[in-house]
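# let's see this in three dimensions:
(2 chains)
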Amino acid sequence: MALDKQTVIEALTDGIGVHFGRASRRSFYHQLDRLERDPVFRDSTAEEQQCLADLLALAAFYQCVIVPVNSSANFIDVLRRAGATHLRVGADKLDERYADRALAVTARFNATLRQAEIPEKLLTYATLNHFVRSARHLIRGDEE
Amino acid sequence: MSPWIDRQVLIRDTREFVRAHGLFLRRNGRRISSLVEISVYNSIVRYYESLGFQLAGENLGPKRSFRYKLIGSGLTENHSYFTAKKGAATFHILHNILIQSAHHEHLYFTADVVVANQNGSTTRRLQNGRRHSFVANPDLVTFAEVKHLHPYPGGIFSFMGLVLEFMPGFVNKTYDISDSGNQLCPVMAFTGPASAHAELIKEALAERYGINISFNTSSTFGQLTGFATMKKYSERKSPSVDLVPLRTSRRFSFD
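The predicted structure follows:
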């Protein structure tokens, strides 16, 4: 079974625009290149490898899209405490309404993760080594 | 072996997610780098808040908007920033502003986040008639660089060049780095997770110099964390090198 490197990252990035899309895809393919050289990955079954690659796509999207969107919403909270009502970034006005939408995006994505029983922490791995070992452990369940 | 993801369901769910929120992401995607910088700016602002400083938004725009500065050019007075005050101490927490070299008074670099002392930024008129704002080197408390990338050796070593040019005291150890201080040493933050090699470079450099390198800020929603273990200093005793005066008649400002 050949590794399908496209379907999940395309599902995640088709329709989110060039900026977020490009950042997510670049991050994913960069990490995938390293993942394919990892001994634990190479030692995994084809099904496990597919699962690891899909999780890596989710992690790239999470890090490149969900994280900055969520933290910009948090910044609105800091601004309010300092007497400002909204953030202006160039021509864009980021206000409470924006923060609510941003938090809704995060909540919906986290719900998708929960549905698939993917721990959020797995997507924010410290190093690729940690990721591949934690992910394969989860995939194998109690067998390891 | 039982993969716990039903791949087809996952793909269907992600497509539904994009259908529901794609418009919002398309509209805000062009600000991705700014959003990442804002996260780190936010962290540093919150760091001062955690030390008991009172925060105030300065230069707020119409309807009390916080006007985020996107590029290095532009005057401080036209953009918003935070001040942190506690007793007699005041710090200006600025973003995307020029900082002046420690070695030459007309060499500048735009740092993503800059903390300045009570003097804040300086605005001067250049010989070409244009004005520019910058933080004079003696007023520089610390700076942070943010990269929305995976850590890579070139990026980390380049940061050392910036420290050497703008705050060389952290390289030649003329600043007093002590546990009692609460001013952060210069910070380099990468959003992406590190390779083993990048981790090794970070450890080796941090052992030798007064710097903070932070990886994988994505894992903390873009925030810098671990301030308790970051390198700090108590006071900047004196400029570590004498500024070289300008020798030519032509002056430049850099973005």
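
# just checking, what packs against the lowest-mean-pLDDT helix or strand in chain A?
In chain A, the helix or strand scored least confidently by mean pLDDT, DSSP states H and E is helix A:67-81, which has a mean of 79. Counting by 3 or more CB pairs under 8 Å, 6 or more residues apart in numbering or on different chains; DSSP states H and E, the packing neighbours recorded for helix A:67-81 are strand A:86-89, helix A:96-115, helix B:7-28, helix B:32-50, strand B:54-58. For glycine as for every other residue, the C-beta is placed from the backbone atoms N, C-alpha and C.

# show me what the shortest one is packed up against.
Contacts of strand A:86-89 with other secondary structure elements, assessed using 3+ CB pairs under 8 Å, 6+ apart, are made with helix A:67-81, strand A:92-94, helix B:32-50, strand B:65-68.

# just to revisit the earlier point, take the helices and strands packed on helix A:67-81 and lay them out in CSV including mean pLDDT, mean neighbour count and distance to A:Leu55.
Supplementary listing: the helices and strands packed on helix A:67-81 in CSV, determined by pLDDT from 0 to 100; neighbours: other CB atoms under 10 Å in any protein chain shown; distance: least, CB to CB, whole Å:
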stretch, mean pLDDT, mean neighbour count, distance to A:Leu55
strand A:86-89, 84, 21, 32
helix A:96-115, 90, 16, 10
helix B:7-28, 91, 17, 10
helix B:32-50, 82, 23, 22
strand B:54-58, 90, 17, 39
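
# among those, which is nearest A:Ala73?
Nearest to A:Ala73, of all the helices and strands packed on helix A:67-81, is helix A:96-115, at 3.8 Å by CB to CB.

# pull that closest one out as PDB, backbone CA atoms only.
The C-alpha trace of helix A:96-115 is given here as PDB (Å, rounded to 0.1, in the frame of the first residue of the first chain):
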ATOM      1  CA  GLU A  96     -14.800  40.900  20.300                       C
ATOM      2  CA  ARG A  97     -16.700  39.600  17.400                       C
ATOM      3  CA  TYR A  98     -13.500  38.400  15.700                       C
ATOM      4  CA  ALA A  99     -12.400  36.800  19.000                       C
ATOM      5  CA  ASP A 100     -15.700  34.900  19.300                       C
ATOM      6  CA  ARG A 101     -15.300  33.600  15.700                       C
ATOM      7  CA  ALA A 102     -11.700  32.700  16.300                       C
ATOM      8  CA  LEU A 103     -12.600  30.800  19.400                       C
ATOM      9  CA  ALA A 104     -15.400  29.100  17.500                       C
ATOM     10  CA  VAL A 105     -12.900  27.900  14.900                       C
ATOM     11  CA  THR A 106     -10.700  26.500  17.600                       C
ATOM     12  CA  ALA A 107     -13.500  24.800  19.500                       C
ATOM     13  CA  ARG A 108     -14.800  23.200  16.300                       C
ATOM     14  CA  PHE A 109     -11.400  21.900  15.300                       C
ATOM     15  CA  ASN A 110     -10.900  20.500  18.900                       C
ATOM     16  CA  ALA A 111     -14.300  18.800  18.700                       C
ATOM     17  CA  THR A 112     -13.100  17.100  15.400                       C
ATOM     18  CA  LEU A 113     -10.000  15.900  17.300                       C
ATOM     19  CA  ARG A 114     -12.100  14.600  20.200                       C
ATOM     20  CA  GLN A 115     -14.400  12.800  17.800                       C
END
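
# give me the residues contacting that helix.
A:58, A:62, A:66, A:69-70, A:72-73, A:76-77, A:86, A:119-120, A:123, B:9-10, B:13-14, B:17, B:20-21, B:24-25, B:28 (CB atoms under 8 Å, 6 or more residues apart in numbering or on different chains).

# which parts of the stretch 51-200 of chain B sit against chain A?
With CB under 8 Å from any CB of the partner chain as the criterion, the stretch 51-200 of chain B meets chain A at residues B:55-57, B:60-61, B:63-68, B:70, B:80, B:82, B:148, B:150, B:191-196, B:199.

# buried only: go through those residues for me.
B:55, B:57, B:60-61, B:65-68, B:70, B:80, B:82, B:148, B:150, B:191-195, B:199 (16 or more other CB atoms under 10 Å in any protein chain shown).

# okay, the least confident helix or strand of chain A in CSV with CA atoms only?
Output in CSV follows, covering the C-alpha atoms of helix A:67-81 (Å, rounded to 0.1, in the frame of the first residue of the first chain):
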residue,chain,number,x,y,z
VAL,A,67,-2.5,28.2,17.2
PRO,A,68,-2.2,31.7,15.7
VAL,A,69,-5.9,32.2,15.4
ASN,A,70,-6.5,31.2,19.0
SER,A,71,-3.7,33.4,20.4
SER,A,72,-4.9,36.4,18.5
ALA,A,73,-8.3,35.9,20.2
ASN,A,74,-6.5,35.8,23.6
PHE,A,75,-4.7,39.1,22.8
ILE,A,76,-8.1,40.8,22.4
ASP,A,77,-8.7,40.0,26.1
VAL,A,78,-5.4,41.6,27.1
LEU,A,79,-6.2,44.7,25.1
ARG,A,80,-9.5,45.1,26.8
ARG,A,81,-7.8,45.0,30.2
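
# picking that back up, in CSV, list the helices and strands packed on strand A:86-89 along with distance to B:Arg131.
Below are these laid out as CSV (distance: least, CB to CB, whole Å):
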stretch, distance to B:Arg131
helix A:67-81, 27
strand A:92-94, 26
helix B:32-50, 24
strand B:65-68, 17
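
# ok, which of the ones you listed comes nearest B:Pro138?
With CB to CB as the criterion, B:Pro138 lies closest to helix B:32-50 of the helices and strands packed on strand A:86-89, at 20.4 Å.

# the inter-axis angle of that closest one versus helix B:7-28?
Going by axes from the mean of the first three to the mean of the last three CA atoms, to 10 degrees, helix B:32-50 is angled at 80 degrees with respect to helix B:7-28.

# all helices for chain B, in order.
Along chain B, counting by DSSP state H, helices occupy B:7-28, B:32-50, B:153-166, B:196-208.

# for A:Ala59, which non-adjacent residue is spatially closest?
Of all residues not flanking A:Ala59 in the chain, A:Leu123 sits nearest, at 4.1 Å (CB to CB, 6 or more residues apart in numbering or on different chains).

# these two touch, right, that neighbour and A:Val65?
No. A:Leu123 is not in contact with A:Val65 according to CB atoms under 8 Å; the separation is 11.4 Å.
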